[in-house]
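Colleague: sequence first, predicted coordinates after that:
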There are 2 protein chains.
Amino acid sequence: MIKNKDPIKKIEIDGLDFKIFKSGIKKNNTDLLLVTFPKFSSISGVFTKSKTPSAAVIDCKKKINFKNRSIRCLLVNSGNANAFTGLKGTKTVNKITKFLSNLYNCDENEVFSSSTGVIGEELKPSKIISCIKNKKPVFENSIEEAAKSIMTTDTFPKYYISKVKYKNFEVNVIGIAKGSGMIAPNMGTMLAYIFTDLNVSSKVLQKILINENDKTFNSITVDSDTSTSDTCLLISTNQLKNKKINNFNDKFLNNFKKCISNIMLDLAKQIVIDGEGAKKIIEIRVENAKSISSAKNIAFSIANSPLVKTAIAGEDANWGRIVMAIGKSYESIDQNKIKIKFGKNLVTKNGMRYSKYSEKNLSEYLKNKEISILIDIGMGNHKWTVYTCDLTEQYIRINADYRS
Amino acid sequence: MIKNKDPIKKIEIDGLDFKIFKSGIKKNNTDLLLVTFPKFSSISGVFTKSKTPSAAVIDCKKKINFKNRSIRCLLVNSGNANAFTGLKGTKTVNKITKFLSNLYNCDENEVFSSSTGVIGEELKPSKIISCIKNKKPVFENSIEEAAKSIMTTDTFPKYYISKVKYKNFEVNVIGIAKGSGMIAPNMGTMLAYIFTDLNVSSKVLQKILINENDKTFNSITVDSDTSTSDTCLLISTNQLKNKKINNFNDKFLNNFKKCISNIMLDLAKQIVIDGEGAKKIIEIRVENAKSISSAKNIAFSIANSPLVKTAIAGEDANWGRIVMAIGKSYESIDQNKIKIKFGKNLVTKNGMRYSKYSEKNLSEYLKNKEISILIDIGMGNHKWTVYTCDLTEQYIRINADYRS
């Protein structure tokens, strides 16, 4: 599923600089990623909809709303989410921002940050500032090490490297992400950062990001829990020599949009595969629904059902649970029109078990690592796809015993 | 928590008759409960909101909507839900109904039924009809055995016996229920039946049932999955000699209403305690919310969070997950006003960890079998309480490996 993973680990984007530190927030690993950009780099962002967002998310959201926004510096720490830390949390972000804006001689609005880790514990700005001031980076400009430095309970670093044409220019795109559940044990967050050199305005980037986010990062679920810190930023150093793109509908942009879509979907799937305790990735396609929102609700109702996910973990051909999950979406449907397919195995037709249904074949299919479920609602022409993973005993073990 | 459990197992309600059979739908246990009532017995009912309801639920809903409804006969089978069985499922209900209306010489609209068990498998009416025609009941008029006969993955039978005064009359009330998850492995359903002898109209019973259902059966969750077959019926034989009660606001009814509320809450809690794999019962009280619906949404967002439930299973003082779950309710709140208490332990104040918070005390508290969590939103004066259980590895084991 993860294609195109280039062995090249060094970044190939002009003007992009990664510094990776061990600040001591995590006990043993790197925990600080400092990224710097040339002047007037473009930025776009989407964030968690949680009503208890972290201090960094509140700060980023404010800055993304500036009309002529740009970015010079991004700081990400792992090990502490700086969420539910009250006014102290806000002060921490402000102190770090002030320090970095002085260091890089830029406006405070050009400094962005993210935090991921434990909720409710104070994040000391002094630790981060003194690390950047006094310590040497452990790594520089390695994509894999950048991805590693933002990990919490992830079991592998998540990144993707790609190239795409814009007119005659070769555009570079790289993405890194972390996440292992919408929220990991005692910690929060899915984070993703996508970098490019295409010369493109923040406004156009923002539209691309919002468009692609819905079908990628917003269409995955591990355990239905939403983090306080989810952040996805799409940033360009603008160092490519193409004429600045200010028009979202520029037809030459289509390849680039597709490339961003691919990178986001790939990173999203990497997060699902690394879902806590997961052994299988499940694709749930809902077709012929009355509306997109109806298709989406039905798909998520199935994807978030613990009973569907445990049945798949146990390779149990218990498709009645899919019926139950369609029912609890409360979408208006006609039971007798629903078709359910697992891979190529038609399971139901006319609101009941398909006459040629074979439990043996379905059980065989469920041994696969990638399970594809199709629900044909038979009432319209709208569709949506959601990705999730199975729910195993390992999930409980990771999340119950994390601190003991 | 389960108080008042009377050792008396024989029913003490005039006109109520239980017959309990082994029809063979289940391999080894009783699986058929046939209850008969005198002429003009009153009935009220509430049902699952699932959009894939079982054939029996569709039939009951229709009959409950008759203006002058009454009941003569109730048939409940376990082992097969008769859900997602298309037109065949409807025919099965009709055949059974016809047979019973002939047997008891009553209108088909006076025959009610429920089914619980596997979804999507055909329920043969002949098996049930020939059992009632030809076999002898295994038990008669035992409350405990009636409760046992409707069990699926329940580990104990659920019932409650009570008495209450209406003016100078002693009113008898008994309730039986089943459920071990909103939907149990491969099976569906929470079912509850409450019987009384108070002379009261169906209309008044219906109002009482709807009023009390919200705060009891509708305020519990095991795994957030909604069954195709949830049914709760409140039925009176009307054999008590009091003058028929036609007025819901009759002030002498208050004790009876309170009694129904108690019995429903007790049965609801019995279901939560028997939640698949559960070791702890968790009470989540949300207070000082902007509205009742806001309090309810926040309480359910916490109660349905797998990460909250696994932390409690692991006795892990990971209260940041409560913060996360409040955030993902998407209710409008002010983080800085939220207070969280576990039992007597104040955990947060002013949007951050309480200065005198003691992880040691909280960890100690979490060893209890009954956990009480209070969330003070600090924005209004509305409240709601929800009951759930912890999420253990046993839940996964039961639900993944059920058919292997």
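Modeller: Good, I have the coordinates. Bear in mind the structure is a predicted one, so any value in this text is a computation, not a measurement. Numbering: from 1, shown residues only, chains lettered A, B, ... in the order given.
Colleague: which residue packs closest to the single nearest residue of the stretch 101-250 of chain A relative to chain B, ignoring adjacent ones?
Modeller: Nearest to chain B in the stretch 101-250 of chain A, going by CB to the nearest CB, is A:I119, at a distance of 2.8 Å. Where you see a C-beta, it was placed from the backbone N, CA and C, and this is true even at glycine. Spatial nearest neighbour of A:I119, excluding adjacent residues (CB to CB, 6 or more residues apart in numbering or on different chains): B:G320 at 2.8 Å.
Colleague: pLDDT wise, what is the one you found at?
Modeller: Turning to B:G320, the model gives it a pLDDT of 86.
Colleague: burial measure for it, as a count.
Modeller: A total of 27 residues lie near B:G320 under the criterion other CB atoms under 10 Å in any protein chain shown.
Colleague: tell me how far it lies from A:I326.
Modeller: Distance, B:G320 to A:I326, using CB to CB, to the nearest Å: 33 Å.
Colleague: repeat for A:I271
Modeller: Note on A:I271: its distance to A:I326, by CB to CB, is 25 Å.
Colleague: how about A:D14?
Modeller: Relative to A:I326, A:D14 is positioned 50 Å away (CB to CB).
Colleague: before we move on, what about A:N368?
Modeller: 22 Å.
Colleague: likewise for A:F217?
Modeller: With CB to CB as the criterion, A:F217 and A:I326 are 24 Å apart.
Colleague: A:C131 too?
Modeller: Distance, A:C131 to A:I326, using CB to CB: 51 Å.
Colleague: neighbour count for these two, which is higher?
Modeller: Neighbour totals were compared for A:C131 and A:I326, and A:I326 leads with 28 against 20 (other CB under 10 Å).
Colleague: Provide the contact partners of the one helix or strand the more buried one maps to at residue level.
Modeller: Per DSSP states H and E, A:I326 falls inside helix A:320-327. For helix A:320-327, contacts defined as CB atoms under 8 Å, 6 or more residues apart in numbering or on different chains pick out A:298, A:301-302, A:305, A:307-308, A:311, A:333, A:338, A:340, A:348, A:373, A:375, B:48, B:50-53, B:81, B:83-84, B:118-120, B:183, B:186, B:188, B:225-228.
Colleague: what residues sit buried inside it?
Modeller: A:G320, A:R321, A:I322, A:V323, A:M324, A:A325, A:I326, A:G327 (16 or more other CB atoms under 10 Å in any protein chain shown).
Colleague: returning to what we had before: could you report the neighbour count for the residue of the stretch 101-250 of chain A closest to chain B?
Modeller: A:I119: 29 neighbours (other CB under 10 Å).
Colleague: surely it meets A:G89?
Modeller: No - judged on CB atoms under 8 Å, A:I119 makes no contact with A:G89 at a distance of 10.5 Å.
Colleague: so what sits against both of these two?
Modeller: Shared contacts of A:I119 and A:G89 (CB under 8 Å, 6+ apart): A:A83.
Colleague: residue ranges of the helices in the stretch 1-150 of chain A, please?
Modeller: For the stretch 1-150 of chain A, helices defined by DSSP state H, counting those that start in this stretch occupy the ranges A:55-64, A:86-103, A:125-134, A:143-149.
Colleague: which secondary structure elements does the one helix or strand A:I260 maps to sit against?
Modeller: Using DSSP H and E, the element containing A:I260 is helix A:254-273. Packing contacts for helix A:254-273, counted by 3 or more CB pairs under 8 Å, 6 or more residues apart in numbering or on different chains; DSSP states H and E, involve strand A:158-166, strand A:169-178, strand A:191-196, helix A:202-215, strand A:220-221, strand A:281-289, strand A:382-389.
Colleague: ranking those by mean neighbour count, which comes first?
Modeller: Compared across the helices and strands packed on helix A:254-273, strand A:191-196 shows the largest average neighbour count, a mean of 27 (mean count of other CB atoms under 10 Å in any protein chain shown).
Colleague: just checking, what packs against it?
Modeller: strand A:71-80, strand A:169-178, strand A:231-236, helix A:254-273.
Colleague: select, out of these, the one closest to A:K136.
Modeller: Distance to A:K136, taken as CB to CB, is lowest for strand A:71-80 among the helices and strands packed on strand A:191-196, at 16.7 Å.
Colleague: do that closest one and chain B meet?
Modeller: No - residues of strand A:71-80 contacting chain B under CB under 8 Å from any CB of the partner chain: none, with a closest distance of 10.9 Å.
Colleague: helices and strands around that strand, which ones?
Modeller: strand A:32-47, helix A:86-103, strand A:111-118, strand A:191-196, strand A:231-236.
Colleague: just the mean pLDDT for it, thanks.
Modeller: The model assigns strand A:71-80 a mean pLDDT of 96.
Colleague: around chain B, which positions in the stretch 1-150 of chain A sit nearby?
Modeller: Neighbours of chain B within the stretch 1-150 of chain A, by CB under 8 Å from any CB: A:48-53, A:81, A:83-89, A:118-122.
Colleague: follow-up on the earlier one: relative to A:N77, which of the helices of the stretch 1-150 of chain A is closest?
Modeller: Of all the helices of the stretch 1-150 of chain A, helix A:125-134 sits nearest to A:N77, with 6.4 Å by CB to CB.
Colleague: confirm that A:K296 sits in a strand.
Modeller: No - counting by DSSP: H, G, I helix; E, B strand; the rest coil, one finds A:K296 to be helix, located in no strand.
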